[in-house]
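**Student:** sequence isn't available, so here's the structure alone:
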């Protein structure tokens with residue numbers, strides 16, 4: 001499959017949520033396409049060949065401008081992996097936002113994404129959020145149909161716990177290979193859930209215990225959205241955590257962004273960060289995270305953790 005290898009082989013992904021102009025239904029512009037071209041080229045230059053989408057990003061415009069770039073770049077599609085998500089419906093008129101993983105809706109959303117992306121197949125489809133009203137068997141039947149038609153190669157989920165994935169996996173022979181969660185040095189509930197067990201603080205941690213372990217035991221690759229914490233630790237703010245990140249970057253001859261991504265990648269769960277910045281220079285600052293193995297000692301990893309949490313471990 002050329003670059004279309006198993007998504008679990010990718011160490012870093014580029015998240016396309018910021019492409020496509022504003023969060024509205026206004027048409028995208030030529031400037032939006034050029035902006036996307038620059039971001040995609042910066043990601044490729046940084047060694048990133050997997051691109052993450054969702055059908056709701058910028059009301060579909062993120063996928064559409066990406067499709068424009070693919071149409072203008074012969075051969076690019078064969079060099080990259082394209083992943084998208086569906087299952088969230090944005091508010092419309094008087095109807096509030098909702099989740100929809102019904103079979104017919106899944107198939108329709110995939111067909112619409114393929115049209116916007118100007119491709120005949122998705123390398124990976126993730127179910128964006130769990131839908132409590134849809135039976136797992138109905139979801140599994142839709143996934144089987146999409147796979148049999150050659151429209152989707154691999155499947156996964158986003159924002160789901162280990163038991164939720166297990167319940168869905170029990171209804172399908174197609175492996176669910178990805179779980180995308182918010183994970184960063186600033187969003188640490190996923191790692192703290194494992195050490196706060198049997199402490200009074202455990203009840204205040206909302207992360208589903210055992211999710212990381214279940215994913216590791218069942219070949220599910222964790223992807224981290226929001227891994228740079230929206231710049232909170234690299235934007236120049238004078239905090240103990242940001243100073244430590246900057247100091248380690250100087251010591252390791254790399255960038256603060258790479259230190260944050262290394263902190264995730266150093267965890268044995270096998271976490272692939274999904275970077276979402278649209279600034280080419282900041283995308284480039286993540287290149288070491290794609291090209292080098294995490295250069296953090298056991299002690300440095302813990303120092304980052306305890307400094308960011310601003311409290312000792314139990």
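**Tutor:** On my side now, so go ahead. Computed from a predicted structure; not experimentally measured.

**Student:** look at residue 44 and tell me its secondary structure.
**Tutor:** Assigned by DSSP: H, G, I helix; E, B strand; the rest coil, the conformation of residue 44 is helix.

**Student:** cool, residue 274 as well?
**Tutor:** Look at residue 274: counting by three-state DSSP, its state is strand.

**Student:** wait, it touches residue 52, no?
**Tutor:** Yes. The pair residue 274 / residue 52 is scored as a contact, 5.1 Å apart, by CB atoms under 8 Å. Backbone N, C-alpha and C define where each C-beta goes, glycine included.

**Student:** so which of these two has more stuff around it?
**Tutor:** More crowded of residue 274 and residue 52, by other CB atoms under 10 Å: residue 52, with 29 against 25.

**Student:** quick one on the thing from earlier: can you check which residues contact both of residue 274 and residue 52?
**Tutor:** Common neighbours of residue 274 and residue 52, using CB atoms under 8 Å, 6 or more residues apart in numbering, are 13, 14, 15, 180, 223, 225.

**Student:** now do the contacts for the last one.
**Tutor:** If you count contacts by CB under 8 Å, 6+ apart, residue 225 has them with 15, 52, 158, 180, 181, 182, 183, 274, 276.

**Student:** ok, now with 6 Å
**Tutor:** For residue 225, the contact set (CB atoms under 6 Å, 6 or more residues apart in numbering) comprises 180, 182, 274.

**Student:** gap between the two ends of stretch 277-296?
**Tutor:** Start and end residues of stretch 277-296 are separated by 24 Å (CA to CA, to the nearest Å).

**Student:** all helices for the stretch 201-314 of the chain, in order.
**Tutor:** Ranges of helices in the stretch 201-314 of the chain, per DSSP state H, counting those that start in this stretch, are 211-217, 240-252, 256-265, 280-284, 287-291, 298-309.

**Student:** what does the fourth one rub up against?
**Tutor:** Taking contacts as CB under 6 Å, 6+ apart, the residues outside helix 280-284 that touch it are 38, 42, 43, 46, 277.

**Student:** one more time with 10 Å
**Tutor:** When contacts are defined by CB atoms under 10 Å, 6 or more residues apart in numbering, helix 280-284 is touched by residues 14, 35, 38-46, 48, 228, 231, 234, 255, 257, 275-277.

**Student:** so how do I select the buried members of these in PyMOL?
**Tutor:** To isolate the buried ones among the contacts of helix 280-284 in PyMOL, judged by 16 or more other CB atoms under 10 Å, type:
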select buried, resi 14+35+39+40+42+43+44+46+48+228+234+255+257+275+276+277
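
**Student:** centre of this protein to the edge, which residue is at the far end?
**Tutor:** Most distant from the centre of the chain: residue 200, at 31.4 Å, with distances by CA atoms, centre = their mean.

**Student:** from residue 314, how far out is that one?
**Tutor:** Per CB to CB, to the nearest Å, residue 200 is found 9 Å from residue 314.

**Student:** same check on residue 80?
**Tutor:** 43 Å.

**Student:** more neighbours: those two, which one.
**Tutor:** residue 80 (21 against 12).

**Student:** residue 100: how many residues sit nearby?
**Tutor:** Residues lying near residue 100 (other CB under 10 Å) number 18.

**Student:** so what sits opposite the closest residue to it other than its chain neighbours in the bridge?
**Tutor:** Distances taken as CB to CB, 6 or more residues apart in numbering put residue 89 closest to residue 100, at 5.2 Å, once the chain neighbours are dropped. Per DSSP bridges, the residues bridged to residue 89 are residue 98.

**Student:** residues contacting the closest residue to residue 158 other than its chain neighbours?
**Tutor:** Nearest-residue entry for residue 158: residue 180, 4.0 Å, with adjacent residues in sequence omitted and distances by CB to CB, 6+ apart. Counting by CB under 10 Å, 6+ apart, residue 180 touches 13, 15, 52, 54, 83, 85, 126-128, 156-160, 221-225, 272, 274.

**Student:** try it again with 7 Å
**Tutor:** Residue 180 makes contact with 126, 158, 223, 225, 274, according to CB atoms under 7 Å, 6 or more residues apart in numbering.

**Student:** over to the closest residue to residue 213 other than its chain neighbours: give its phi and psi.
**Tutor:** Nearest residue to residue 213, sequence neighbours excluded (CB to CB, 6+ apart): residue 162, at 7.3 Å. Note on residue 162: its backbone torsions stand at phi -60, psi -50 [degrees, to the nearest 10].

**Student:** wait, residue 162 touches residue 208, no?
**Tutor:** Yes. Taking contacts as CB atoms under 7 Å, residue 162 lies within contact range of residue 208: 6.4 Å.

**Student:** who's more crowded, these two?
**Tutor:** residue 162 (20 against 16).

**Student:** kindly state the pLDDT recorded for the more buried one?
**Tutor:** Residue 162 is assigned a pLDDT of 97 by the prediction.

**Student:** before I go, just wanted to say thanks for your time.
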